[in-house]
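[1] what's the 3D shape of this:
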Amino acid sequence: MIAIQMPAWQAQPDVWLVVAALAAGYWVAIVRVGPRLASPVQPVVTRLQVTSFSLGVLATWVAGDWPVHIVAEQMNYSVHMVQHLIFAMVAAPLLLLGTPAWMLRWILGAPSRRFAVVRSLARFVPALVIFNLVLILTHWPAVVNAGLESGLIHFTLHAILFVSSLVVWLPVLSPLPEIPRLVPPTRMLYLFAQSILPVIPASFLAYGTTPLYRFYVGKLNLWGLSTLEDQQVAGLIMKIVAGVLLWLLITVIFFRWAGEDQKSSQQINRKRELNRGLPNNQVNIDVPVTNAQGAL
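    I've put the predicted structure just below:
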């Protein structure tokens with residue numbers, strides 16, 4: 001096994017343009033649009049949202065620029081898999097977390113047909129269907145080979161992956177009450193389904209006996225792996241890394257939900273204890289209810 005030298009630097013002007021458009025568009029929206037559309041009792045944007053969006057832009061840049069893009073496109077399908085995971089499971093949710101409700105409402109043009117379409121797709125079953133269709137499309141050998149041989153097709157596939165990932169994450173991270181997040185138990189079930197479904201294509205890659213993507217056959221490999229070995233590594237990355245990320249998120253949601261439920265129960269108990277000490281004509285029956293959606 002002979003390792004190959006890192007490919008020489010190559011300019012990626014299309015990636016720079018996308019990254020610059022994301023950053024500049026976000027800044028302009030905050031400065032020019034936010035003061036008109038944001039609620040007067042809330043900040044236009046929070047520090048957490050700015051940090052999340054900035055990290056999402058950074059992740060997009062890392063996945064799309066040298067050396068990841070060059071290695072993924074010319075040498076290693078395993079790096080191509082990492083690139084897709086960064087787009088779908090790192091950049092997309094971070095950008096969504098960084099988008100205030102007023103901004104997403106403005107982008108979608110609410111109320112509009114576009115807004116109605118997104119709202120109908122950002123539900124449990126439609127979002128899972130989108131997830132599966134994009135998963136099949138972006139791993140189908142004929143499609144992958146065509147994308148690697150055509151820059152336009154490759155860019156289009158990445159755009160489809162990116163936009164669909166934003167829709168798929170809406171049931172978990174939506175900032176809009178008009179497109180509500182799933183309640184925590186359903187949210188965890190939704191993420192669990194997403195962690196199970198990729199096992200099928202990952203198994204074909206990890207346990208395959210012949211290369212599925214002819215484009216990579218005979219190409220130089222960054223780590224000196226054979227085409228089949230590199231494909232198997234890609235399958236393991238898809239199966240393990242994606243699964244770990246989703247299960248970490250499920251764990252976070254579970255503990256936050258449990259903590260909020262416990263806090264709500266304590267508030268109810270304290271209220272009842274106070275009410276029991278008051279005369280009948282002064283009993284306060286109001287009990288605070290914790291928002292079921294939670295922060296994640």
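[2] Surely Gln49 and Leu94 touch.
    No: here Gln49 does not reach Leu94: they are 10.3 Å apart, not a contact under C-beta atoms under 8 Å. For glycine as for every other residue, the C-beta is placed from the backbone atoms N, C-alpha and C.
[3] Looking at these two now, which is surrounded by more residues?
    Neighbour count, other C-beta atoms under 10 Å: between Gln49 and Leu94, Leu94 has more, with 22 against 19.
[4] For the longest helix seen in the chain, buried residues please.
    In the chain, with assignment by DSSP state H, the single longest helix is helix 242-276. Residues of helix 242-276 classed as buried: Ala242, Gly243, Leu245, Leu246, Leu249, Ile250, Ile253, Trp257, Glu260, Ser264 (neighbour count, 16 or more other C-beta atoms under 10 Å).
[5] same deal with stretch 233-243?
    In stretch 233-243, the ones that count as buried by 16+ other C-beta under 10 Å are Val233, Ala234, Gly235, Ile237, Met238, Lys239, Ala242, Gly243.
[6] rewinding a little: can you list the helices and strands that the longest helix of the chain packs against?
    Under the contact definition 3 or more C-beta pairs under 8 Å, 6 or more residues apart in numbering; DSSP states H and E, helix 242-276 sits against helix 184-196.
[7] can you tell me the average pLDDT over the helix it packs on?
    Averaging pLDDT along helix 184-196 yields 94.
[8] Would you mind pulling the contact partners of it?
    124, 127-128, 131, 168, 171-172, 181-182, 242-243, 246-247, 249-250, 253-254, 256-257, 292-294, 296 (C-beta atoms under 8 Å, 6 or more residues apart in numbering).
[9] just to revisit the earlier point, of the buried residues of stretch 233-243, closest to Leu225?
    Taking C-beta to C-beta as the measure, Leu225 sits nearest to Val233 out of these, at 6.8 Å.
[10] any idea how far Ile70 is from that closest one?
    Applying C-beta to C-beta, to the nearest Å, the value for Val233 to Ile70 is 18 Å.
[11] repeat for Val163
    24 Å.
[12] what do you get for Gly235?
    Gly235 is 22 Å from Ile70, where distance means C-beta to C-beta.
[13] Show me the shaky parts of this protein.
    1-4, 273, 277-296 (pLDDT under 70).
[14] switch the cut-off to 80
    1-5, 261-296 (pLDDT under 80).
[15] and the longest helix of the chain, how far out from the chain's middle?
    Chain-centre distance of helix 242-276: 24 Å, with C-alpha atoms, centre = their mean, to the nearest Å.
[16] what's the answer for stretch 159-168, then?
    When distances are taken as C-alpha atoms, centre = their mean, stretch 159-168 is centred 8 Å away from the chain's centroid.
[17] now stretch 58-70
    Remark: stretch 58-70 is offset 16 Å from the chain centroid, using C-alpha atoms, centre = their mean.
[18] before we move on, what about stretch 90-105?
    So, by C-alpha atoms, centre = their mean, the centroid of stretch 90-105 is 10 Å from its chain's centroid.
[19] before we move on, what about stretch 188-202?
    14 Å.
[20] Straight-line length of that stretch, end to end?
    Using C-alpha to C-alpha, to the nearest Å, the end-to-end distance of stretch 188-202 comes out at 22 Å.
[21] If you count neighbours, what's buried in it?
    For stretch 188-202, the neighbour count (16+ other C-beta under 10 Å) marks Met188, Tyr190, Leu191, Gln194, Ser195, Pro198, Pro201, Ala202 as buried.
[22] now swap in stretch 41-54 and tell me
    Val44, Val45, Gln49, Ser52, Phe53, Ser54.
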